[in-house]
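K.L.:
got a predicted model here, sequence first, then my questions.
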Amino acid sequence: MKFKIMRTALLEGLKAVQNIVGGKGSSPIIQNVLLEAEGDRLTMITTDLDISIRMVSECVVEEPGKTTLPVKLLFNSITKASEGEVEVQIDDHERATIKAGSAKFKIAGRPASEFPRLPEQKDAYSYTIPQAVLREMIRKVFYAASQDDTRRTLKGVLMSLRDKKITMVATDGRRLAMVENELEFSESEERDIVIPPKTVQEIQRALVGEDDISLSVQNSQVCLKIDGMLIYSKLIDEKYPNYKQVIPRETAIHVEVDRQLLLDALERVSVMTMDEAHSTKLTFSPGKLTVSSAANDIGEAKDEVPIKYEGETLEITFNPSYVMDSLKAIDDDEVTVNLNNGHSPAVIKCSIPYLYVLMPLRIN
């Protein structure tokens, strides 16, 4: 096996696949990248047995073939090499000789026959989604997913394909983010899937273009085709909780506020949330929102933001980071905070089909 490839192309491919490998103690073969040179293409594949990534780059193939090499070592070697053409040659003992400029590397590999096969996608349901749409949908919900390893389902993101809409939801039990977008598909293609967090991160990393992507679902597997990359992943095979019952059906109080002014006030005041409570009080009064925090034996902070509200004074306490997460995900200049009282969930909305449900803190 022998091929030549530009360093930038090889580095781009390795950078795309290098994160999905087996961890310490795993089989050595899944710490390698499968390299297959054929025609005018180099195919690079890595897997951790839950996720697999396939990347294709152009190259000049002098002798077709395939092998596997330690991906981290290969990536680090090419990173240090000088710009220009890289020549890779594999001998009969799976040893690679890599020439790049004045540098020469020798790396021991393993046979391609030992590498796990990619999942097959037969009779899969396929959907076409603009990259920009999926990128923004993930950005608007992923931060709300649980970080608790004991809550496996809530660590993932729900993708619901129903009623000519794609809906994405994430929750950790204390807050919930949901966003919707219209999407064309048939009624027979309706389904719900729960995407693992590591897969969501890889999808986020890959969504850098503007072209459409192809998403295919089959049983407990999902496959995304993004430009020259394929991402295969197992799905979380547990049913996502009924998130709709968390969303208040009605709210009596609707407060309009400048998103950036509220975000700035929260960032200023939250410097005093160093104690265990990590709480900030929001006091709504006619025309004014007072944002305040206090830490025992340390100090207190207070700021005011103009609002469109003419009702009775109402106090509610939140984790300020949770409020700021939502405000950072919204692009509108103005948001609406919807409430019933100081003890029930608040709902933050904007001009698009997005909402954020946030449970208040109970402070003695």
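P.N.:
That came through, no problem.
K.L.:
so what's the closest residue to residue 190 other than its chain neighbours up against?
P.N.:
Leaving aside its sequence neighbours, residue 190 sits nearest to residue 162 (CB to CB, 6 or more residues apart in numbering; 4.7 Å). Bear in mind the C-beta positions are built from the backbone N, C-alpha and C, glycine included. Counting by CB atoms under 8 Å, 6 or more residues apart in numbering, residue 162 touches 190, 191, 192.
K.L.:
can you pull up the bridge partners for residue 162?
P.N.:
According to DSSP bridges, the residues that bridge with residue 162 are residue 165.
K.L.:
could you list the low-confidence segments of the protein?
P.N.:
By pLDDT under 70, the low-scoring segments of the chain are 274-277, 364.
K.L.:
got the domain ranges for it?
P.N.:
Domains of the chain are assigned by automatic domain parsing as 2-114, 125-244, 247-358.
K.L.:
now do the helices in the stretch 151-300 of the chain.
P.N.:
Along the stretch 151-300 of the chain, counting by DSSP state H, counting those that start in this stretch, helices occupy 152-155, 197-206, 259-269.
K.L.:
and those: which comes nearest residue 237?
P.N.:
helix 152-155 (9.4 Å; CB to CB).
K.L.:
closest to residue 279 among the contacts of residue 162?
P.N.:
Nearest to residue 279 out of the contacts of residue 162 is residue 192 (CB to CB; 34.4 Å).
K.L.:
okay, which residue of this structure is out on the far edge from center?
P.N.:
Distance to the chain centre peaks in the chain at residue 92, reaching 40.8 Å (criterion: CA atoms, centre = their mean).
K.L.:
distance of the nearest residue to residue 110 once chain neighbours are set aside from residue 315?
P.N.:
Sequence neighbours aside, residue 68 is the residue nearest to residue 110 in space, at 4.9 Å (criterion: CB to CB, 6+ apart). Applying CB to CB, to the nearest Å, the value for residue 68 to residue 315 is 61 Å.
K.L.:
who has more neighbours out of the two?
P.N.:
Neighbour count, other CB atoms under 10 Å: between residue 68 and residue 315, residue 68 has more, with 27 against 14.
K.L.:
quick one: residues contacting that one.
P.N.:
29, 32, 33, 34, 35, 94, 109, 110, 111, 112, 114, 115.
K.L.:
count the residues that sit near the last one.
P.N.:
Counted with other CB under 10 Å, residues neighbouring residue 115 total 21.
K.L.:
spit out the contact partners of it.
P.N.:
Counted by CB under 8 Å, 6+ apart, residue 115 has contacts 29, 30, 32, 34, 45, 47, 68.
K.L.:
and if you look at the fifth one?
P.N.:
Taking CB under 8 Å, 6+ apart as the definition of contact, the neighbours of residue 35 are 1, 42, 43, 44, 66, 67, 68, 69, 88.
K.L.:
repeat for the third one
P.N.:
Contacts for residue 33 (CB under 8 Å, 6+ apart) come out as 14, 17, 18, 21, 44, 45, 46, 68, 69, 70, 71, 74.
K.L.:
so what's it bridging to?
P.N.:
Beta-bridge partners of residue 33, as defined by DSSP bridges: residue 69.
K.L.:
next, the angle from the longest strand along the chain to helix 259-269.
P.N.:
Identified as the longest strand of the chain according to DSSP state E is strand 299-308. Angle, strand 299-308 to helix 259-269, by axes from the mean of the first three to the mean of the last three CA atoms, to 10 degrees: 170 degrees.
K.L.:
from here on, call the first residue 27.
P.N.:
With 27 as the first residue, the last one maps to strand 325-334.
K.L.:
and strand 325-334, which strands flank it?
P.N.:
Applying DSSP bridges, one finds strand 325-334 paired with strand 279-284 (antiparallel), strand 314-321 (antiparallel).
K.L.:
could you pull out the helices for the stretch 27-176 of the chain?
P.N.:
Counting by DSSP H, counting those that start in this stretch, the helices of the stretch 27-176 of the chain are 33-43, 97-106, 157-167.
K.L.:
show me what the last one is packed up against.
P.N.:
I take that to be helix 157-167. strand 191-197, strand 201-208, helix 223-232, strand 238-244, helix 346-355 (3 or more CB pairs under 8 Å, 6 or more residues apart in numbering; DSSP states H and E).
K.L.:
and of the ones you listed, who's closest to residue 177?
P.N.:
strand 191-197 (9.8 Å).
K.L.:
quick one, that closest one and strand 238-244 angle?
P.N.:
70 degrees.
K.L.:
ok so, going back, quickly note the distance from the residue nearest to residue 216 to residue 166.
P.N.:
Distance check for residue 188 against residue 166: by CB to CB, it reads 19 Å.
K.L.:
any of the contacts of residue 61 buried? List them.
P.N.:
27, 68, 69, 70, 92, 93, 94, 95, 114 (16 or more other CB atoms under 10 Å).
K.L.:
how close does the third one get to residue 357?
P.N.:
Residue 69 is 38 Å from residue 357, where distance means CB to CB.
K.L.:
pretty sure residue 257 sits against residue 227.
P.N.:
No: counting by CB atoms under 8 Å, residue 257 sits too far from residue 227 to count as a contact (10.8 Å).
K.L.:
quick one: which of these two has more around it?
P.N.:
The residue with more neighbours, out of residue 257 and residue 227, is residue 257; 24 against 14, by other CB under 10 Å.
K.L.:
leaving out sequence neighbours, find the closest residue to that one.
P.N.:
residue 250 (4.6 Å).
K.L.:
for residue 253, same thing?
P.N.:
residue 235 (5.5 Å).
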